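Colleague: Give me a model of this one.
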Amino acid sequence: MKQLCIFILCLIIISCNDTTNPNDNIIKTTGNYIKIKEDQSNDVLLPLKKGNFWVYKFVYDTTDINTIMYGYDTLTVTGDTLFSGENFFILSNANCVSPVCMDYKIFLTNTNNGVWFHDLFTYNLNYLEVKYPANNNEIYYSEAYKWLFHSHDTSYNYLKAERQLKIETNQYLTVEAGNFNCYKFIESYNNFKLYDLGNDTLTYYQSIYYYALNVGKVKEEIYHITYFKGRETKKEKLLTYTLKEYKLY
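Modeller: Next up is the predicted model:
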């Protein structure tokens, strides 16, 4: 009996020492891109060629819980331009909530490590939008600057934070545009707060993006962490898209 008790005790000790740290499987990465891809349409998460467009249908819950807005986002590649000698594509984003439409431009390009965004407002810096190639359970770390608006005196300032982009692979989605195998990107920030435009209240957000290889963004979700106990406040799904044939000259 004594020997049996000793044997069981040994098993308990072994099992306790064999506990797996869940962080052991996480791959941590950071860093800038090395070069911009010549072929912007193949083996990329966002095919970029003039004439490509994506139409999204979205539902948006404002901070007023009784107000829900429905609308459409249309993203169109209209041309390209140079920043510091590097080629970025110009995308026109038309955001329509009937009967009002707002249009603004963003600048993106595909590189050796993913889709990068050129931000004209924060010191003309480039940021990684979504990473590719990417591994399951990979987390990409970077510094970020956010443009903040203060409603009480209409002033602006920048806030620096650590951005984390967690990646999950093989996420199968069905939307109106079709069935897709996606990369899931969970975007969050450390030491960062966004000002709510309505009342200058400090608020937290988390964004989740789904991208399909050689297709583009398929779905987007935004969660308001402070209000609504973290529930979803925006959902956007791909309705239809058109991609032009890409040729290397």
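
Colleague: Can you name the residues bridging to Lys131?
Modeller: On the basis of DSSP bridges, Lys131 is bridged to Gly114.

Colleague: and it, how far is that from Thr67?
Modeller: According to C-beta to C-beta, to the nearest Å, Lys131 stands 35 Å off from Thr67. From N, CA and C alone the C-beta is placed, and that goes for glycine too.

Colleague: Kindly format the C-alpha coordinates of stretch 45-53 as PDB.
Modeller: Taking Å, rounded to 0.1, in the frame of the first residue of the first chain, the C-alpha atoms of stretch 45-53 are listed here in PDB:
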ATOM      1  CA  LEU A  45      -3.700  39.000 -49.800                       C
ATOM      2  CA  LEU A  46      -4.900  42.200 -51.600                       C
ATOM      3  CA  PRO A  47      -4.700  42.000 -55.500                       C
ATOM      4  CA  LEU A  48      -3.800  45.500 -56.600                       C
ATOM      5  CA  LYS A  49      -4.400  46.600 -60.200                       C
ATOM      6  CA  LYS A  50      -6.300  49.600 -61.600                       C
ATOM      7  CA  GLY A  51      -9.900  48.700 -62.000                       C
ATOM      8  CA  ASN A  52     -10.100  46.100 -59.200                       C
ATOM      9  CA  PHE A  53     -13.000  46.700 -56.900                       C
END
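
Colleague: Contacts for it, please.
Modeller: By C-beta atoms under 8 Å, 6 or more residues apart in numbering, the residues outside stretch 45-53 that reach it are 40-41, 74-80, 89, 108-110, 114-115, 129-130, 132, 183, 211-217, 241-246.

Colleague: Which of those residues are buried? Put it as a ChimeraX command.
Modeller: Here the buried members of those are turned into a ChimeraX selection, burial being counted by 16 or more other C-beta atoms under 10 Å:
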select :40,41,74,75,76,77,89,108,109,110,114,115,129,130,132,183,211,212,213,215,216,217,241,243
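
Colleague: Can you flag which of the contacts of stretch 45-53 belong to strands?
Modeller: 74-80, 89, 108-110, 114-115, 129-130, 183, 211-212, 216-217, 241-242 (DSSP state E).

Colleague: quick one, longest strand in the protein?
Modeller: For the chain, the longest strand by residue count, based on DSSP E, is strand 155-175.

Colleague: Name every strand pairing with it and say which way it goes.
Modeller: Paired neighbours of strand 155-175 in the sheet (DSSP bridges): strand 138-150 (antiparallel), strand 178-190 (antiparallel).

Colleague: So the nearest residue to Ile222 once chain neighbours are set aside, which state does it fall into?
Modeller: Distances taken as C-beta to C-beta, 6 or more residues apart in numbering put Lys234 closest to Ile222, at 4.0 Å, once the chain neighbours are dropped. Recorded secondary structure, Lys234: strand (DSSP: H, G, I helix; E, B strand; the rest coil).

Colleague: Just grab the bridge partners of Lys234 for me.
Modeller: Residues in a beta bridge with Lys234, per DSSP bridges, are Tyr60, Ile222.

Colleague: Give me the spatial nearest neighbour of Ser142, chain neighbours excluded.
Modeller: Spatial nearest neighbour of Ser142, excluding adjacent residues (C-beta to C-beta, 6+ apart): Arg163 at 5.0 Å.

Colleague: For Glu221, see how far away that neighbour is.
Modeller: Computed as C-beta to C-beta, the Arg163 to Glu221 distance reads 17 Å.

Colleague: Kindly report the same for Thr233.
Modeller: Using C-beta to C-beta, one obtains 9 Å as the distance from Thr233 to Glu221.

Colleague: so where's this structure uncertain?
Modeller: For the chain, residues meeting the criterion pLDDT under 70 lie at 1-24, 62-66, 121-124, 145-159, 190-204, 225-232, 246-249.

Colleague: Fine, thanks again, bye for now.
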